[in-house]
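>>> Fold the following.
(2 chains)
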Protein chains: 2
Amino acid sequence: MAPTSKQLQQSTHDIQAARQKASFPVDQLTNYLYGGPENLKKVDKYRTIIANEPAFTKKKAAFQSRQEQLHSSIHAARRFIEIAEEQNFSTQEFLELFALSGISTPGYILNNIIDDNVAFWPVIEFQGTDEQAKKWLDAAKRHAIVGCYAQTELSHGSNVVGLQTTATFDEATDEFVINSPDITAAKWWIGGLGVAATHAVLQAQLISKGKNYGPHIFIVPIRSPLDYKPIKGVTVGDIGPKAYGGFATVDNGYALFDNVRIPRDYMLMRFAKVSKTGEYQPPVHSKLSYGSMVKLRVSILSDAGWRLAKSSTIAIRYCTSRRQFNPDQNGLESQVISYSSVRHRLYPLVATAYALILSGINLNKTFNVMTEQLSREDATLLPEMHVNSCAFKVWGARRSSEGIEECRKAMGGHGYSIFSGVSEHFATFVPANTYEGDNFMLCQQVGRAMLKQLDNLLKGKSYNLKTATYLDVLISNPTITVDANSIYNPELQLALFGKRAAHLVANLGRQVKAGRPWGDVNMECWEICLAHAEFLLLKQFHDTVRDLQKSQPLLAPVVQKLTNVFALSILTGTGLATFLTSQSINVADVDTIQEAYRNSLNEIVDDAIGLTDAFGFTDDELNTALGKKDGNPYGELWEAAQSNPLNSDEGREELGELMKTILHRGDNLAYIKAAKL
Amino acid sequence: MAPTSKQLQQSTHDIQAARQKASFPVDQLTNYLYGGPENLKKVDKYRTIIANEPAFTKKKAAFQSRQEQLHSSIHAARRFIEIAEEQNFSTQEFLELFALSGISTPGYILNNIIDDNVAFWPVIEFQGTDEQAKKWLDAAKRHAIVGCYAQTELSHGSNVVGLQTTATFDEATDEFVINSPDITAAKWWIGGLGVAATHAVLQAQLISKGKNYGPHIFIVPIRSPLDYKPIKGVTVGDIGPKAYGGFATVDNGYALFDNVRIPRDYMLMRFAKVSKTGEYQPPVHSKLSYGSMVKLRVSILSDAGWRLAKSSTIAIRYCTSRRQFNPDQNGLESQVISYSSVRHRLYPLVATAYALILSGINLNKTFNVMTEQLSREDATLLPEMHVNSCAFKVWGARRSSEGIEECRKAMGGHGYSIFSGVSEHFATFVPANTYEGDNFMLCQQVGRAMLKQLDNLLKGKSYNLKTATYLDVLISNPTITVDANSIYNPELQLALFGKRAAHLVANLGRQVKAGRPWGDVNMECWEICLAHAEFLLLKQFHDTVRDLQKSQPLLAPVVQKLTNVFALSILTGTGLATFLTSQSINVADVDTIQEAYRNSLNEIVDDAIGLTDAFGFTDDELNTALGKKDGNPYGELWEAAQSNPLNSDEGREELGELMKTILHRGDNLAYIKAAKL
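Have a look, this model is predicted:
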């Protein structure tokens, strides 16, 4: 048995041969995705730190119980803190290092956004007074406390107004009394609350002088930072494991409050206030805090892109190095990536990853402009950012999680091994469909906003969302002629995507006008939301190509190819039905478009490995046996299996002894000997 | 805090109120699904046994490492054996009990089909001589050995002909020498091989006198049943955890063979033979062994149905008992099941579960007839069973696994808790997409078979597949008029589904004729396979309604309603694009069909809980906190969280101590005290 057999070498050769076919400068595209060489250099520095720190390894988790994983991840958290100190990192650098590691730790160790909730730090910074911010953020910054953001309750998630936890002001003691009326009011799913949090930023119904002023925000001690025992009156714990082993090292927790008293100045009082005598003063600007919700949706869009990028990188590499069926005269079978079903499934996912990443970059830029404006109490950008970030979040969460799982399936049997490295992304990312606003809730906001734009159009008013200009076609009704050439034309593609979205909005308008209640048109909103997001994603793709044609002409052609794969895969795939029903395309044109799609896939064949290389992932961060840069999936799977503690002497011994209690039952031992089994 | 708060009681009340609305005798439908009262009584007996046996609990697994889970499941395996002895169960009863438990154990403890491979027992029974069968099955029956079926290798799964393990006959010693040329030839994924197996039924290239006769089957010792040590020359172990924590207690394993010698009569010689002098005698009937592949696909179809049934039961119950938004004058919010998006997602999945279960029952019956015929060397039914079981397997694996995950998402945030009980079904069932023939491989067989039928049609020959009669419309080209009434007509629905499938086949024929190579039309085969399966599933539904109208008229109306939901959800959903492109329906008819679909969903509202109750699951086997028969999801989630070892005194203490090493770093302890945090 030679470990360097011909077949093992072949897989590396196949990857390398495919790599050389790239039609564009791969490094240049990597630089572009990371925002230039300076940024990439910084990222590479982080990668080196992560790869060299034993506490950050992901190799052991597969064999550990959740308790053991939590244990390891608290160690990792401490190492992050120590390294940041050693390296003199700014908070920003600390967060970048942590985010890049892909490691989750119990609690908001970093006191920032690392979970499914608006987090401790930014909430205090934004909604606390200057003194409050100083006190709590100082403590958080030196990791003397661990904070969490406690909003969701056992029986109320989406409907924040329905929260049941109360904060009743007691003038006699100048305190708030925090109380949970029953277990349905238990705070639940709170990241950091299960094990780590010493303090919570808590949403509770503010009651003063017998009047309920709705949900407000309070800082509530949970565990003593001295001895880690729960504060008197607080019942706190971890809610248990999550589906698919996802978020195993995040300690989503619960808490019940039995008349827990906090000083009045533990209410965050930058906007709303309660005086010593219990007088309530409402906030002046009620919508300013919406910015943080938008921020989370922006981050989900990027996460959707980068996780799909990792998954498709692994799948493309594995399918390039695996051969099966159709041996040639030398006995060399066909590469799995050459199967048309595999190309139809994987190439559009690479294009989708690019679409999400590019839109994420752009949305992030706009978000920063908006934040700057909001700090000057200018909310001009908020409505459009709200609608578009909803659509992006819904589409990104849905299509990326489906795409990650499709990458896994496209790898066949071995894709079901934990060592593929893909399933972890699905397990951890799929809840993005239901958190930060359930997808089917958010899409109603897109539907409603677009209906408003339609109304503006019909009344001759101007849109208050720029994107809504695609509705113009409802008036101008231009003829769009699809043929084998025009289908690659950016303007035509955008016209088709815009027309579809516009007609879906118009149809919703008709349905509502005909009397269907709002609660009955969820699915119509769903289709609008997807079509809206696809219009935006395609537009971003074309805008990027146009920019690249000027700034980096060597990259423009390959991104143009991706754009075509993206547009045509939707036209012939998940979007086909609505393109037909909206009469954006005709049944007679479908054959032509399908052939164009197949051509667009053929165009990408030589660039597939280059395009996944360009994402810039190291083997270390992909954490895969199947999709390493140099292939060798069989050798890597073999090695991974050897690290299984079940295969150690102790592991074998223990389970072997147990098995013997079955095999040697009754008179079997004599029977086994006699029968020479 | 009263644990019996109004809100907790409300959830039970909501479920009970919904239960009472059922328009049909629920018990009668349960009886029908289980094959009559006698069978159901037996199943209930098994359920009682399982519920009362502590070793069969599924409550602890969520908190255990995989090693600990394996440990527990070997104990469970022993209890199955002991109980079967105590109760004097036949092998059949033993298997029924085991299958119903939903428990997986390391190894083929039961020496039968419990994993993703054709298994030890049936292979020996079918392909072994009478003496071989007696020797090995006696030993297996008394659990003196544990067998496994070793086919797949690290570098060869789908392509069996490419297997590299060799069995070379040595005349000098009358032995075969089993050898793995390198690690790419390692047997891999073999259920039972990782920990438990003492013997393997092994596929290897038979070589005699220097000639390779292709893959044949051998019994190869793996571990000594005396001391559980690997046999000399065998390198064996567990391949490691699977994606999503699926199949955690199945010990999929690997093995390498370094010139392991076995007696000549360890080759299964009922059909093919090798003489003492190394003469090879080929089998007479080469296709007889195909039956067992069909059997596995039949079992995947049933599994698809019952797992989706469990998942949709949980989701429907939870969404009935959860309320969110829109409080009425009493403060009572709306039931989540009343949201149109939830109905659009869940009701079709209940219908799909019924479609799969009903087709599974019928396919199983046909399979038994075929098996009986095959034993008389009559293979009449094999071609049709092969094609239809492929289509069912592909469709069932895909749609059920997607549907299970949609059930999970429809439960919002809490659906991501392991305690929903749904994610386990996805984790364990999703590999059915890639095992027993990758879906995208199998669908090519359906495409090819239907192309052959098309050829028969065009040449005026008769079909050799009965189902192919739907191709007749390509000649007769009947006009199908869809309107608000006719769309509920069974003949019209079947005509639409048949026309679509026929036109997809005709299109494939055109494409191939126009020169597109077979390897380029995978996706066309995929669409045909799905359309073929949907025609079969819908036909079964209508056949069942017709039978019930005669035999159990009280059940016919509700199954008719399900049939409409099933048909119309496909017409307006995943199938819409191909119904349009095949011109089975026109764009102008889509509004009408969508309205009909909404009506069909409204028709099912009152029966939703009854239809899921009718699946007959006990709370124990659903293993859910969210979907118990009497609701109470919040109380159950609370209880489940309390069982988390992290919340025990030791659990808190251990991680609290660790957290302190972070919080108390440097001079933080003094700081914490001074700042009174």
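
>>> List the contacts of A:G237.
A:G194, A:G253, A:Y254, B:A641, B:Q642, B:N644, B:L646, B:N647 (Cβ atoms under 8 Å, 6 or more residues apart in numbering or on different chains). In short, each C-beta sits where N, CA and C put it, glycine included.

>>> If it is in a bridge, with which residues?
A:Y254 (DSSP bridges).

>>> got a pLDDT number for it?
A:G237 carries a pLDDT score of 98 in this model.

>>> Quickly list the domain ranges of chain A.
A:147-289, A:291-613, A:645-675 (automatic domain parsing).

>>> returning to what we had before: nearest to A:S389, of the contacts of A:G237?
Lowest distance from A:S389 to the contacts of A:G237 (Cβ to Cβ) belongs to A:G253, with 27.9 Å.

>>> mind listing what the closest one touches?
A:148, A:187, A:190-195, A:197, A:236-239.

>>> Throw the domains of chain A into a markdown table and include distance to B:E657, thanks.
Shown next, in a markdown table, are the domains of chain A (distance: least, Cβ to Cβ, whole Å):
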| stretch | distance to B:E657 |
| --- | --- |
| domain A:147-289 | 8 |
| domain A:291-613 | 27 |
| domain A:645-675 | 25 |
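
>>> For B:T166, which of the ones you listed is the nearest?
domain A:291-613 (15.0 Å).

>>> Residue numbers of the stretch 351-500 of chain A in contact with chain B?
A:405, A:408-409, A:412-413, A:415-420, A:422-423, A:426-427, A:430-431, A:433-435, A:438-440 (Cβ under 8 Å from any Cβ of the partner chain).

>>> Would you mark the buried spots in the host helix or strand of A:Q10?
If you go by DSSP states H and E, A:Q10 is part of helix A:6-19. Applying a neighbour-count criterion of 16 or more other Cβ atoms under 10 Å in any protein chain shown, one finds A:Q7, A:L8, A:Q10, A:S11, A:T12, A:D14, A:I15, A:A18, A:R19 buried in helix A:6-19.

>>> on contacts alone, who are the packing partners of the next helix or strand after it?
Next helix or strand after helix A:6-19 toward the C-terminus (DSSP H and E): helix A:26-33. If you count contacts as 3 or more Cβ pairs under 8 Å, 6 or more residues apart in numbering or on different chains; DSSP states H and E, helix A:26-33 packs onto helix A:37-52, helix A:608-613.

>>> now the strands for chain A?
Per DSSP state E, chain A carries strands over the ranges A:147-150, A:166-170, A:175-179, A:187-190, A:199-208, A:211-221, A:234-238, A:253-257, A:260-263, A:273-274, A:280-281.

>>> chain center to stretch A:312-328: distance?
Taking Cα atoms, centre = their mean, to the nearest Å, one finds stretch A:312-328 lying 27 Å from the centre of the chain it belongs to.

>>> ditto for stretch A:468-479
33 Å.

>>> residues contacting A:E279?
Per Cβ under 8 Å, 6+ apart, neighbours of A:E279: A:S208.

>>> ok, how many other residues are close to A:E53?
15 (other Cβ atoms under 10 Å in any protein chain shown).

>>> just for chain A, where's the confidence low?
A:1-4, A:108-118, A:285-290 (pLDDT under 70).

>>> Which strands or helices does the longest helix along it pack on?
The longest helix of chain A (DSSP state H) is helix A:340-375. On a contact count with 3+ Cβ pairs under 8 Å, 6+ apart, helix A:340-375 meets helix A:290-321, helix A:382-410, helix A:522-551, helix A:556-572, helix A:590-604, helix A:608-613, helix B:522-551.
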